[in-house]
Every structure is written in structure tokens, then in C-alpha cells.
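[1] Sequence first, predicted model second:
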Amino acid sequence: MRSIKTVLFVLTLVLICSTNLKAQNNISPPSEGNTVIYFLRTTSLGGLMNFRFFEEGNFIGKFNGRNYIRYECDPGESVFWVKAENIDVLKTNLEANKIYLVEANAVMGAMSAGVKFKLVDFENEKQMKRINKLLDTKEAVELTDDEIKVEQEKSKLVVQRGMKTVSKKLKKGKRLKVITPEMDYKQ
């Protein structure tokens with residue numbers, strides 16, 4: 001009986017380790033001197049809703065359903081925002097050569113659905129399980145430079161209106177999510 005428990009224990013450890021290694025393989029570091037931020041949608045709630053992501057006034061990507069974007073950028077302070085039926089804002093201060101994760105999930109409202117950023121708590125097993133499952137089963141959504149240019153052009157009015165909303169939210173500062181340098185993903 002004891003040997004069966006030992007075998008099951010070893011198999012469980014192997015399974016856990018292989019799952020964690022696979023997820024880590026989908027997280028790739030930035031090129032030297034840059035930083036990378038992953039925008040992760042880990043739930044299927046509001047799966048048809050399209051999320052569009054921006055850094056300041058620049059379009060950086062979009063997707064619907066469970067998916068994620070890997071975005072490499074310059075380190076330092078920046079403001080990211082996501083647009084669905086609403087706009088949510090994320091202030092960041094990102095360090096060079098580090099990796100950051102943030103969730104962007106649908107939230108249901110009384111009249112419509114929206115999107116909210118959710119900071120990653122690396123100690124929260126439930127949240128990390130969702131993130132690892134996403135990273136295990138999906139590849140990052142990648143848009144070509146040409147696709148990004150087309151979307152930027154199509155989004156001119158969205159950016160113009162969105163930046164007004166972003167400015168108002170930054171001034172109010174209420175419920176503003178902030179990523180600081182020490183909130184990086186430790187591989």
C-alpha cells in the first residue's frame with residue numbers, strides 16, 4: 001500500500017512540474033533593454049466581446065474569448081487601457097528585462113457587459129491555475145505591423161474619445177490599477 005502512495009505522489013509531482021514548465025515556456029522574456037507585459041483573458045464570460053488594447057493612444061492588439069497578447073515595450077511609466085463596452089485603465093512603471101502579467105476579463109453589469117483589468121496575485125493558487133491553463137492551451141495573439149497600422153487608422157475616433165475617458169479616470173484616481181516594478185513575474 002505504501003508503494004502505491006509513493007508512486008501516486010511521484011506521478012502527481014511529475015504532472016505538476018510538467019504543467020508549470022509548459023506554461024513557463026509560453027512566457028518569453030523581452031529583448032535586452034525592453035520589458036514585456038502579457039494581457040491575459042482567462043475566462044470565457046462574454047466570449048464574443050472584442051477587447052481592444054492600447055498604450056496611451058496607440059493600438060497594440062485585440063481579441064475575443066479566452067486568449068492573450070504578449071506586448072514588448074520600452075521600460076518606464078506608461079498608461080494602458082482596454083476598450084470593450086467600457087474603458088478600464090492601468091498605470092504602469094515597468095523595469096527593463098522583466099515580465100509582467102495582468103488579467104483583462106469581462107464583467108457583467110446591469111445593462112451591459114464591460115472589461116476590467118485585474119492585477120495578478122502570484123500567491124493566489126486559483127488565479128495562477130487559470131493563467132497557467134490559458135498559457136498551456138493557447139498561443140499569444142500576434143498581429144503584423146500592417147494589421148496594427150490598419151487597426152490604428154480604424155480606431156482614430158475610438159482613441160480620441162478613449163483618451164478623454166482615460167484622462168478623467170487618471171485625474172479621479174479612484175479604483176485605478178497600478179503595476180509597480182516589483183510586481184514582475186518570477187520564472
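    Arrived safely.
[2] For burial, what's the neighbour tally of the residue lying closest to residue 121 once chain neighbours are set aside?
    On the basis of Cβ to Cβ, 6 or more residues apart in numbering, the spatially nearest residue to residue 121 that is not a chain neighbour turns out to be residue 127, at 5.9 Å. For glycine as for every other residue, the C-beta is placed from the backbone atoms N, C-alpha and C. The number of residues packed near residue 127 is 17, by other Cβ atoms under 10 Å.
[3] again, but for the one 4 residues further on
    Using other Cβ under 10 Å as the criterion, residue 131 is surrounded by 22 other residues.
[4] And it, its phi and psi?
    Backbone dihedrals for residue 131, given as degrees, to the nearest 10, come out at phi -70, psi -50.
[5] Quick check: it touching residue 41?
    No - counting by Cβ atoms under 8 Å, no contact exists between residue 131 and residue 41, whose distance comes to 10.5 Å.
[6] Look through this protein and tell me its longest strand.
    Ranked by residue count under DSSP state E, the longest strand found in the chain is strand 99-108.
[7] Give the rounded mean pLDDT of whichever helix or strand comes after that strand.
    Remark: after strand 99-108, the chain's next helix or strand is strand 113-119, criterion DSSP states H and E. The average pLDDT for strand 113-119 rounds to 91.
[8] what helix or strand is the residue nearest the centre of the chain on?
    What sits nearest the mean C-alpha location of the chain, by Cα atoms, centre = their mean, is residue 39, with 1.6 Å. For residue 39, the enclosing helix or strand under DSSP H and E is strand 35-41.
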